[in-house]
Every structure is written in C-alpha cells, then in structure tokens.
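> okay, here's the prediction I keep looking at, along with the sequence it came from:
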Amino acid sequence: MQRNASALAVSLVVVPLLLAGCGALTTTPRTSPAAQPAPVHPAALTAARLMRPMSPLPPPAPSLFVVESPSGNAFTLRIIDASGATLGTAPVSAAAEWSTAAGPGGAYWIEGGHLNLLAPSGAQRVLSDVPGNTNGLLISPDGRSFAYATSTGPDASNVIHNRIVVQQFGAAAQVIADRMSDPAHPAADAPTSWTYMLLSWTRQGILFIRDAYGGCGCALFDMEMQAAYTALIDPVSSGTTELTADGTCPLSGIGPYQTSACFHGGVTVDELRIAKAGTVTARYSMSARNVAGDAKFSPDGSALAYVTVPSASDYCGGDYQTTLHVLSLRDGSVRALTLHNFDAKAWPASNRLYGVERGTSAWSLVGIDPGTLAVRTVWSGIADSHLVGLT
C-alpha cells in the first residue's frame, strides 16, 4: 500500500519511508517461551556497529506535516499544522512528484535542477543546485545538509554507476558511497542489477536500499517488499551497517539503536522478526493468512505498530479492510484496530501515531493514540494525496 514508483524515481518518506488484518482472519502475533523478545533497551554496541554516538533520547516530536496533493496535471505541496490549518503551499510539477522531502525548516523539493524550500511561513526560496539524475531526497536531522542518490547507466554491458551524495547547504557535495552494479560480477549483498534508494536520515545514519533496477509494483506494500538489501551509512565516516540481506524478509521498519523489523513470507506472512544491527533477536509467529507491513517503532523502541491485510486482497487497485496492530516488545501483548484503507506512516511521539486513510474520493491524515487506539482526523483532502513527512 505504498506509492508506486520506479527505482530511478523514488523518494521514501518517513518513512518513506510506505497495513492490516481482517477480524477472524488475523492471528495475533505470539512468541513461544523459547523465543521471547529480547529487552528493547539498548544493548552494548561494539565500535564496529556504532559508527557515531547516538543519543538515547528521541528528538523533539515534529508538529508540522508535509502533504502533496494532485492539482490538475501537477501537484501542490503544503505544510499543515496539528490543527489541520494550511501554513504554506507551493506548486510542484508532475516530474518532481517524488523528489520531495520533509525536514527541519519545512518542505523541500527538486525542480529544474534546483533544491527548493517551502517554509512554514509560506516563503519559498532556492537553496542549491543539484544534478539532473538525482534519485530521492533526504534532509539531515539538524537541517544543515541534504542527501540524494544518482545512477548512471546501464551501459552496453548493463553496468550501472551508483552513488550516494551528501551536501551541506552552501558547501561542496561529498560522495559517501560509490559502487558499480555489474551483472557479470554479482555481489551477495545486492540484487544482480540495482540502484540506491534512500529511505530516511536519522541520527543513526542514512537508511538505504540496494534496490533491484526497474523495481516497481502496485500490490500491497509494493516498494517495501523490495527492501531486501538494506543498510545504514554514516554520512561522515561512510561506514555501513548491514540490516537485511534476505529476500524472504524485506525490511519493513527501523527503530532506535539499529533495531529493525521484517515480515517473513511475502503475501503469506508466518513470522515477524526483530533484529539489532542485522542480527535477529526475537521472532513472533503469525497466521500465514495475511500480508503485513508499515512497521513503525515507538520512539523508545518498546513497541511496534504495523498493519495487516488478508492475503486474498493482495492485488492492484484493491479496496482494503486493514487492521492496525500495536505490539508491546516487552511482554508480547497486542492491541488491534480495524480501519479502512489505512497506512501507518510515523510514530514521532509516545502518545501519537500517524497514518492515512484513503478513499475513492477523499484522503485523510489521522492521529491515533497507541494506548487507547482513539482516532483523530488531522486533515482531509483530495484522493491520491500522500504524506511526504513530518517536520
């Protein structure tokens, strides 16, 4: 239920970063006594795993939302506050639809070779020049830098030149990852032919996928299902920590202290796996009758929200009855809420989980109390809108 996009034109939101069960068809996750989840408090990380010091405290919860909505043959980028009021808007061309980002300072987008900013005041300005072959856009947690990926090729031998670039505003660009995709010399940590896709930038580093070249889809969790080869890269040292390298359990979400979640089994999910820096620490059995995704960790890593949909609904353009689950990683207890066409998007504060409900004629951004599962609509707009992120 994430947006459709080719691997050469994808920008993941808070994540990207990009769902729910059906009453009796959904089996509550459970653990056996031999496979109880490990404590979610930070384990002792080695220097090789911890590339930069990470604060144990979460950043201040964002209070503004960046939404993109269709507008004729183009789009409107808007900043919305917690009351649902629109603070500022900017037009975005159809070509720049996925070259958008949210971050400190407002909403960002790439248009005509320039990185642009829409501030909460409504003011717009050009920040920097960027190359024409960028893929994705991320803003650093401190708002001082931005990142994007580039791909050149494939050439006559199907070789693709892939880079991840970081640039401080007003400074020169720095390449932090530079690697060829060569089908004649495949690697164990990437598909045969691939490009970089950037997912998020937190104080843990930049989360990215080595994404299968030309990857696309329209079924449930389409782009998420392609996140088999993921890693964190430190924007200063360029050191990487691999998170997933298993096509049967693609990355669904990442939390603090390099904790990740994946759902094993594709459209017949039989297990939720929790890992630390790529090493599985807990397994939860599931029914094998659902497809699952949209994993979002609570800010302290003690709980996980995710969505399931019956496997029979895994087709393009479907109308879904979804179930939001909130799982305690401390005791294995779970709460569930049935919603219509729901995508979980972000869990920025302990008392608020955000997601979207999509209809044929309308789209709504909603906030959910993860303790009571009470739902509040923040903003409603035209169908086919999407949440770019929080700022």
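Everything's here; your move.
> can you give me the strands in the stretch 251-391 of the chain?
251-254, 259-264, 271-276, 279-285, 290-297, 303-310, 321-328, 334-340, 342-349, 352-358, 362-368, 375-382, 386-390 (DSSP state E, counting those that start in this stretch).
> now the last one, how far from the chain's geometric center?
Meaning strand 386-390. Centre-to-centre, strand 386-390 and its host chain are 10 Å apart (C-alpha atoms, centre = their mean, to the nearest Å).
> quick one: low-confidence ranges for the stretch 151-300 of the chain?
When residues are selected by pLDDT under 70, those of the stretch 151-300 of the chain lie in 215, 217-219.
> try 90
170, 214-226, 246-247, 266-267 (pLDDT under 90).
> all helices for it, in order.
Under the criterion DSSP state H, counting those that start in this stretch, helices are not mapped anywhere in the stretch 151-300 of the chain.
> which residues does residue 313 contact?
Applying C-beta atoms under 8 Å, 6 or more residues apart in numbering, we find residue 313 in contact with 22, 220, 291, 320-321. For the C-beta atoms, the positions are set from N, CA and C on the backbone; glycine is no exception.
> Throw the strands of the stretch 251-391 of the chain into JSON lines and include distance to residue 76, thanks.
Below are those laid out as JSON lines (distance: least, C-beta to C-beta, whole Å):
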{"stretch": "strand 251-254", "distance to residue 76": "29"}
{"stretch": "strand 259-264", "distance to residue 76": "33"}
{"stretch": "strand 271-276", "distance to residue 76": "37"}
{"stretch": "strand 279-285", "distance to residue 76": "41"}
{"stretch": "strand 290-297", "distance to residue 76": "25"}
{"stretch": "strand 303-310", "distance to residue 76": "27"}
{"stretch": "strand 321-328", "distance to residue 76": "27"}
{"stretch": "strand 334-340", "distance to residue 76": "25"}
{"stretch": "strand 342-349", "distance to residue 76": "19"}
{"stretch": "strand 352-358", "distance to residue 76": "16"}
{"stretch": "strand 362-368", "distance to residue 76": "13"}
{"stretch": "strand 375-382", "distance to residue 76": "9"}
{"stretch": "strand 386-390", "distance to residue 76": "12"}
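> what's near enough to touch residue 184?
residue 157.
> got the phi and psi for it?
Reported as degrees, to the nearest 10, the phi and psi values for residue 184 are phi -80, psi -20.
> equivalent analysis for residue 298, please.
Main-chain torsions, residue 298, degrees, to the nearest 10: phi -70, psi 160.
> how about it: what's its closest non-neighbour residue?
residue 347 (5.5 Å; C-beta to C-beta, 6 or more residues apart in numbering).
> ok, residue 287 to residue 263 distance?
12 Å (C-beta to C-beta, to the nearest Å).
> those two: which has the busier surroundings?
residue 263 (29 against 18; other C-beta atoms under 10 Å).
> now the more buried one: how far from residue 270?
Distance of residue 263 to residue 270, given as C-beta to C-beta: 9 Å.
> spit out the contact partners of residue 361.
Neighbours of residue 361 in contact, by C-beta under 8 Å, 6+ apart: residue 383.
> what's the answer for residue 117, then?
Residue 117 touches 105-108, 124-127, counting by C-beta under 8 Å, 6+ apart.
> ok so, going back, shared neighbours of residue 287 and residue 263, anything?
By C-beta under 8 Å, 6+ apart, the residues touching both residue 287 and residue 263 are residue 269.
> give me the buried positions along stretch 376-391.
378-379, 381, 385-391 (16 or more other C-beta atoms under 10 Å).
> okay, how far is it across that stretch, tip to tip?
19 Å (C-alpha to C-alpha, to the nearest Å).
> what is the rounded mean pLDDT of it?
Stretch 376-391 shows a mean pLDDT of 96.
> ditto for stretch 303-322
Here the average pLDDT along stretch 303-322 is 84.
> show me what counts as buried in it.
In stretch 303-322, counting by 16+ other C-beta under 10 Å, buried: 303-311, 313-314, 320-322.
> same question for stretch 126-142.
Buried, per 16+ other C-beta under 10 Å, within stretch 126-142: 128, 130, 134-140.
> ok, stretch 95-112 next?
Applying a neighbour-count criterion of 16+ other C-beta under 10 Å, one finds 96-103, 105-111 buried in stretch 95-112.
> try stretch 70-90
Buried, per 16+ other C-beta under 10 Å, within stretch 70-90: 70, 75-80, 87-90.
> again with stretch 325-343
325-327, 329, 334-337, 339, 341-343.
> dump the residues you listed to TSV, plus pLDDT and distance to residue 196.
Converted to TSV, these look like this (pLDDT from 0 to 100; distance: C-beta to C-beta, whole Å):
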residue	pLDDT	distance to residue 196
325	98	31
326	98	32
327	98	31
329	97	30
334	97	35
335	97	37
336	98	36
337	98	35
339	95	33
341	91	30
342	95	29
343	95	24
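> which one of those is nearest residue 239?
Checking these against residue 239 by C-beta to C-beta gives residue 329 as the nearest, at 27.1 Å.
> in this structure that closest one contacts residue 281, no?
No - applying C-beta atoms under 8 Å, one finds residue 329 not in contact with residue 281, separated by 9.7 Å.
> sorry, back to before: tell me the one among the contacts of residue 117 nearest to residue 235.
residue 108 (16.7 Å).
> partners of that closest one in the sheet?
residue 101, residue 117 (DSSP bridges).
> contacts only, for it.
Per C-beta under 8 Å, 6+ apart, neighbours of residue 108: 100-102, 115-118, 127, 137, 139, 146.
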